[in-house]
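> let me see the structure of the following:
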Amino acid sequence: MSIEISNLTKLYGEQKALDNVTLSIRKGEITGLLGPNGAGKSTLMKIITCFIPQTAGEVWVDGLNVRDNALEIRKKLGYLPENNPLYPEMYIREYLSFIAGIYRIKNAFSRIDEVIEITGLGPEIHKTIGKLSKGYRQRVGLAQALLNDPPVLILDEPTSGLDPNQIVEIREVIKRAGKNKTLVMSTHIMQEVEAVCDRVNIINKGRIVADDKTDNLSRYTGGARIISVEFDKKTDRRGLTGIPGVIKVQEEGNHYLLFSKGETDIRAAVFKYAVDHQLTVLSLSENQRSLEDIFREITLGR
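Down below sits the predicted model:
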């Protein structure tokens, strides 16, 4: 089961929400759709789930085109929208029974027990949905998305508005649920991507600007390496700039950040500089760039 997207465009009047998006989403990977607010994440998900039509381009879910096979595709999908619409007056099991009836699930009672176990709803099962915390309401939303055991799972901002403990719990539910499924999760939270996703697609202004495993995203930036070095005394910053490969120097007392081109390892040259200028190296290490740094550089150009 895979999702293939080709040259997808969506217009809202004069506004271009998606601009010629091409993307392949594989089974067995949790794919993160990462982007600023208004980047087009939710629009893309609504087209995949057949809630809205595209203006141009094509989307296939398990080889079925969304233009012509909306009903069949919906049978294969589990979808948790950002606002998670629920019936607050219903009890948890009552609501899941209602959803099971819509899907015409066989052995619905045992399947409901399974998703209650998967999502950890057991302690609150006696409550109506309206009396649940935000975290447990998200669990109910995940339970309904999982109820028909869909091969494709689409989650739009699944941890939005949760406290730190609830976020960790929901992430674990998502990781368990994502095994052997095609799972797409939109978010604008960097830690979410690092904690849950196998692959990342960064969308900005309606375009996919990066598509790779998390560890490889730096190749979409200038790719500068950052060496942190501390000497026993101050030195001439201009001298450090003269080290082959160094493109920028930041100075704070005896501590310096040296920026070099992505493939250039300047550490040996830094040691040579220290020897030539009678400096003692107190510390030297390579700074790892965070996903947040990479995201900002890709989406903001800095």
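> what about the protein, any weak spots by pLDDT?
Scanning the chain for pLDDT under 70 picks out 1, 215-224, 262-263, 288-290, 301-302.
> not counting sequence-adjacent ones, nearest residue to the spatially most central residue of it?
Centroid check for the chain by Cα atoms, centre = their mean gives residue 32 as the closest residue, at 2.9 Å. Leaving aside its chain neighbours, residue 32 sits nearest to residue 197 (3.5 Å; criterion: Cβ to Cβ, 6 or more residues apart in numbering). The C-beta positions use only the backbone N, C-alpha and C, and glycine is treated the same way.
> let me see the contact set for the one you found.
When contacts are counted by Cβ atoms under 8 Å, 6 or more residues apart in numbering, residue 197 touches 30-32, 185, 214.
> what of residue 282?
Contacts of residue 282 (Cβ under 8 Å, 6+ apart): 230-232, 254.
> if we can go back for a sec, off-centre distance for the helix or strand where the residue nearest to the centre of the chain lies?
Using DSSP states H and E, residue 32 falls within strand 30-34. Computed by Cα atoms, centre = their mean, to the nearest Å, the separation of strand 30-34 from the middle of its chain amounts to 4 Å.
> from the contact counts, what lies against that strand?
helix 41-48, strand 182-187, helix 190-196, strand 199-204 (3 or more Cβ pairs under 8 Å, 6 or more residues apart in numbering; DSSP states H and E).
> make JSON lines from these and add mean neighbour count to it.
Formatted as JSON lines, the helices and strands packed on strand 30-34 follow (neighbours: other Cβ atoms under 10 Å):
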{"stretch": "helix 41-48", "mean neighbour count": "23"}
{"stretch": "strand 182-187", "mean neighbour count": "25"}
{"stretch": "helix 190-196", "mean neighbour count": "19"}
{"stretch": "strand 199-204", "mean neighbour count": "22"}
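> CSV for those, including distance to residue 272?
Shown next, in CSV, are the helices and strands packed on strand 30-34 (distance: least, Cβ to Cβ, whole Å):
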stretch, distance to residue 272
helix 41-48, 48
strand 182-187, 45
helix 190-196, 36
strand 199-204, 38
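> of those, which approaches residue 89 most closely?
helix 41-48 (27.0 Å; Cβ to Cβ).
> kindly report the domain assignment for this structure.
Per automatic domain parsing, the domain ranges recorded for the chain read 3-220, 225-300.
> could I get the full set of helices for the chain?
41-48, 70-75, 92-103, 108-119, 134-146, 164-177, 190-196, 237-241, 267-276, 291-300 (DSSP state H).
> count residues in the vicinity of residue 94, would you?
When counting by other Cβ atoms under 10 Å, one arrives at 12 neighbours for residue 94.
> contacting residues for it?
Counting by Cβ under 8 Å, 6+ apart, residue 94 touches no other residue.
> residue 32 and residue 185 touch, don't they?
Yes - with contact defined as Cβ atoms under 8 Å, residue 32 reaches residue 185; the gap is 5.6 Å.
> common neighbours of those two, please.
Common neighbours of residue 32 and residue 185 (Cβ under 8 Å, 6+ apart) are 192, 196-197.
> show me which of these is closest to residue 179.
Nearest member of those to residue 179, counting by Cβ to Cβ, is residue 196, at 12.4 Å.
> what sits against the closest residue to the closest one other than its chain neighbours?
Once flanking residues are discounted, residue 196 sits nearest to residue 171: 5.3 Å by Cβ to Cβ, 6+ apart. For residue 171, the contact set (Cβ under 8 Å, 6+ apart) comprises 159, 192, 195-196.
> make it 7 Å
159, 195-196 (Cβ atoms under 7 Å, 6 or more residues apart in numbering).
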